[in-house]
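Undergrad: Can you look at this prediction? I've put the sequence above it.
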Amino acid sequence: MLGKLIVLEWKQMLRSRWLQLVAVLFIFVFVSIVMIQQLALPDIEGFTRQTASFLNLLLFLLPLFTLTIGGMSVAGDVESGWFSLLKTYPMKIFQYVSGKFVALVGSFIFIVLLALGVVFLLGGLFGGVKVPYEFLVIALCLIFIFSAIAILLGTLAKNRLHALAISLVVWALLLLLLSYLVMAIGTVVPGHVLQKLTIAILHINPVDWLRFGYFLISGQTAVLGPTYYDLIGFYGSVAGKAVFIVVTILWIVVPLFLATIKLKKFGVEK
Amino acid sequence: MRSIILHIAFFAALIGFVHEAEAGTDFQQLIDQAEEGDVIHLSKGTYEGNFIIPKGITLIGDGNAVFKPKNPKEPVITVNGANHVTIQGIKVQTPGTGMVIKDSNDIKLSNLIMNGVFSGIDVYRTNGIAVEKTTIAGNGENLGKKGNGISFYDSSGITAKNNDIAHVQDGIYLENAKDISVLKNKVENGRYGTHFMYSEDAEVRDNVYKKNVTGLMIMMTENVSLSRNDISYQDGFNGTGITLYEVKNIDIQNHTISGNRVAISVQKSDDTNISNNILQMNQTAVEAIRSGGSQVKKNYFVGNLVNVRSDMNGIQLKENYYDDYAGIDIDDDGIGDEPYVALQSFGQWMVRKPVYQYYVEAPSVVLLNQIDQQTNKTSKQLLVDENPVTKFETDRGIQWKLYWPQFILGFILTIACIVIWRRSVLT
């Protein structure tokens, strides 16, 4: 049953005009940035404007697309009565949630692979382009985490429009507003307080978490500055790496679990 | 006949006698017996001891004479109070200091190899000292337990040329030194590539500094010309390509400075000229702290996260090229029609509160910088270049060059995705 649901959801996702438009937009921006940056700028290792642009492209677009599409997809199921119909089948709520999650993750991995294909195709004509593996790892983590969050947001929404609104608010909050809030607080509190606040926010904001993850994976933690030496030292240790993996998994599992609870215990709001 | 003998005697006195030294012999005794100007050729083998050279002699090895200390806490070779000493072509193996030169004149050291040393060559109160073509590799300890590659204290007439130094604290350290040439050296994986303290009149040219904490550290020093050095990947927590602190009359010209955390940091220095450099792909290209009188002119800023940042004193910007300049050049004279404003709120914040560095080039900061570029167009107080250059002569053109493996991989991936998509949509 789960397998059939995944295939069905996967096909519905790919048929969605919204997803198709998003795919075209993502591929266009992805290819443009990679090609322009790699062909125009010198080939320098480390955290450069080139790698920063690449990372920001992923941090801006993947959460936005997964949150809106995933959230609206779940809310749409409820709004259209599809979810009520599915409940008449011998299927558990968790199976519905996980089926939705796998289909959403699969669709976005598909888009990223297509974008990579186009980049390699064009890059091959200009002597080759580099796409460091760290970006692929972060892209995958972004897709997994934000797909899970998207499904949770979808269950909280009353309808598709509400889901879109919630998704955009959460996206803006995680991408921009939390950082601005911390920076603003930093202007009136001492540096050591700001440092602790930043570290706390880092663990409760998945965007910051994965950005930090990129620096850890690529070995460029020095970019964050000497103020975070202890934090970086801990996450560079075996225990730190284990904590990083556990927290990342929690960011996937907890939203899915909460979404299941929401659908199971509180039903859906109409 | 008498005349010939007199001539031979004269030249022998002039150039000294030539001795052959063999490993295992009492080398110190050979030194003691040698006269001023004598030449000692060193055969292959190990010479063990802590040797002292108090007179002007020449030691020549072919690279196979290995010197080891009897007491590792003392230098292997000490030149003390000697004039005209030349040492070349030997290896020094010690966990301590390789050589010490003290109170001497006209010393030439070349083609030396020192591996695993605490420090390579320490020079004190010496006039006329040249160290050339020497390789020094420090021990495997952390930076706090390393000495310097080559150190010069209270000396003048210094030349360090074509040396290869790695894994030491400071590659070349100069304290209270004068008349200095640091040319064509390569220093990697140390604390400071070349470190000036309380020195004056120096030329630093054609050196390579890579993967140090700081490439060139110049403190409380006057009259230094830096040119054509290749300074890259000083990208650690406190990494800086060039740091100037309380200096006077320093020229930094014709460099390529790439991939550093900060390319050039100017601190408490009002008399610095930074011109004709390419500053590319650094996290911050130029950082100025209490250095409002210094000048940054005709440089190329390409691909840096932050081009220029400063405290409230700013720094003078003139006729530089900035790749993020958004103005236009209608009359095509190569100068932008409106000023370039390098003021980025975030850049200033990082200078004032380093803890903000966590957010460097974060999505929120990128957006903030874009807003800054729009809203600060009217701000003409700080970090403004009235005549930004709009043409970058070394821009790379796009060139067709087929790279088959990637092209084929891209082709397969793209076609496969399109086919899967179509099948999913149509069935």
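TA: Here it is on my side, so go on.
Undergrad: low-confidence ranges in the chain?
TA: Using chain A. Residues of chain A that meet the criterion pLDDT under 70 lie in A:1, A:39-46, A:266-270.
Undergrad: Chain B is the one I meant
TA: Within chain B, the stretches with pLDDT under 70 are B:1-19, B:21-24, B:343-345, B:347-348, B:351-352, B:373-381, B:392-398, B:427.
Undergrad: Take whichever helix in it runs longest, keep the C-alpha atoms, and write them as PDB.
TA: If each helix of chain B is counted by residues according to DSSP state H, the longest one is helix B:404-426. Output of helix B:404-426 as PDB, limited to C-alpha atoms (Å, rounded to 0.1, in the frame of the first residue of the first chain):
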ATOM      1  CA  TRP B 404      34.000  14.700 -22.800                       C
ATOM      2  CA  PRO B 405      33.500  12.800 -19.500                       C
ATOM      3  CA  GLN B 406      31.500  15.600 -17.900                       C
ATOM      4  CA  PHE B 407      29.600  16.300 -21.100                       C
ATOM      5  CA  ILE B 408      28.600  12.700 -21.500                       C
ATOM      6  CA  LEU B 409      27.600  12.400 -17.800                       C
ATOM      7  CA  GLY B 410      25.500  15.600 -18.200                       C
ATOM      8  CA  PHE B 411      23.900  14.300 -21.400                       C
ATOM      9  CA  ILE B 412      23.000  11.000 -19.800                       C
ATOM     10  CA  LEU B 413      21.700  12.600 -16.600                       C
ATOM     11  CA  THR B 414      19.600  15.100 -18.500                       C
ATOM     12  CA  ILE B 415      18.100  12.700 -21.000                       C
ATOM     13  CA  ALA B 416      17.300  10.100 -18.200                       C
ATOM     14  CA  CYS B 417      15.600  12.800 -16.100                       C
ATOM     15  CA  ILE B 418      13.500  14.000 -19.100                       C
ATOM     16  CA  VAL B 419      12.500  10.500 -20.000                       C
ATOM     17  CA  ILE B 420      11.500   9.600 -16.500                       C
ATOM     18  CA  TRP B 421       9.500  12.800 -16.100                       C
ATOM     19  CA  ARG B 422       7.700  12.300 -19.400                       C
ATOM     20  CA  ARG B 423       6.800   8.700 -18.500                       C
ATOM     21  CA  SER B 424       5.600   9.700 -15.100                       C
ATOM     22  CA  VAL B 425       3.500  12.500 -16.500                       C
ATOM     23  CA  LEU B 426       2.000  10.500 -19.400                       C
END
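Undergrad: what helices or strands is it leaning on?
TA: helix A:2-15, helix A:93-123 (3 or more C-beta pairs under 8 Å, 6 or more residues apart in numbering or on different chains; DSSP states H and E). The C-beta positions use only the backbone N, C-alpha and C, and glycine is treated the same way.
Undergrad: mind running it again at 10 Å?
TA: Applying 3 or more C-beta pairs under 10 Å, 6 or more residues apart in numbering or on different chains; DSSP states H and E, one finds that helix B:404-426 contacts helix A:2-15, helix A:17-40, helix A:93-123.
Undergrad: Deepest-packed of these, please.
TA: Each of the helices and strands packed on helix B:404-426 was scored by mean neighbour count; the highest is helix A:93-123, a mean of 22, by mean count of other C-beta atoms under 10 Å in any protein chain shown.
Undergrad: Can you check what angle separates it from helix A:2-15?
TA: 50 degrees (axes from the mean of the first three to the mean of the last three C-alpha atoms, to 10 degrees).
Undergrad: which element follows helix A:93-123 toward the C-terminus?
TA: Going down the chain from helix A:93-123, the next helix or strand is helix A:133-156, by DSSP states H and E.
Undergrad: For the longest helix of chain B, give me every contacting residue.
TA: Defining contact as C-beta atoms under 10 Å, 6 or more residues apart in numbering or on different chains, one finds that helix B:404-426 is touched by A:7, A:10-16, A:20, A:23, A:27, A:107, A:110-131, B:403.
Undergrad: Could you list the buried residues of it?
TA: Neighbour counts over helix B:404-426 (16 or more other C-beta atoms under 10 Å in any protein chain shown) mark B:Gln406, B:Phe407, B:Leu409, B:Gly410, B:Leu413, B:Thr414, B:Cys417, B:Trp421, B:Ser424 as buried.
Undergrad: This completes my enquiry, with thanks.
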